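Q: A predicted structure for the sequence below; I have some questions about it.
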Amino acid sequence: MSDKTTYRAACFCGAVQISLTGNPEAQAYCHCDSCRRWSAGPVNAFTLWQPEHVNILQGHNMIQSFSDNPGSDHEGVVSERKWCSNCGGHVFTDHPVMGVIDVPAAVIADFEFEPGFHVHCQESVHTMQDGLTRFRDLPEAAGGSGLEMPEQG
């Protein structure tokens, strides 16, 4: 990760601008059905930030949201996914139960994504061989079982 302590994130058109200070609590890949459908990809690269390190600089009125994890089998997990009403570009996902905000790595300018692990690998549809720890659901510290899965090839 770079020595930079302030990052900028934005939606696709740039109407919504966010400032991120410090460093994320975690950087990883999520393989759950909900994140895959939300990101429209086979895996989602995420960064987790403490809420006090996320500041909306512009476009408050452009942010739309949807609560819950539709189609997910993660009962009790509620997320509030946020996007720009102008371009539909994703901005962040608030995970209030976990007390963090997920900012997709792809929307953070000049950010060196350094994933530490994979989560929800029991739902994976895309194999990745990178030597990182793969959790069946979530690490214990995040409320999961902490069960690990082997790397698939």
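A: Perfect, thanks for sending it.

Q: Please list the residues outside stretch 23-39 that contact it.
A: Stretch 23-39 is contacted by residues 1, 5, 42-50, 69-74, 79, 81, 90, 93, 100, 103-105, 113-121, 123-126, 128, 132 when judged by Cβ atoms under 8 Å, 6 or more residues apart in numbering. All C-beta atoms are positioned from the backbone trio N, CA, C, and that covers glycine.

Q: Buried residues of stretch 39-56, list them for me.
A: Burial within stretch 39-56, assessed by neighbour count using 16 or more other Cβ atoms under 10 Å, is assigned to 39, 43-49, 53-54, 56.

Q: no, scratch that, I was asking about stretch 127-135
A: 128, 134-135.

Q: Point out the least confident one among the residues you listed.
A: pLDDT across these is lowest for residue 128, at 88.

Q: so who does that residue touch?
A: Contacts of residue 128 (Cβ under 8 Å, 6+ apart): 29, 43, 118.

Q: mind redoing it with 10 Å?
A: Residue 128 is in contact with 29, 31, 42-43, 115, 118, 121, 134, 151-153, counting by Cβ atoms under 10 Å, 6 or more residues apart in numbering.
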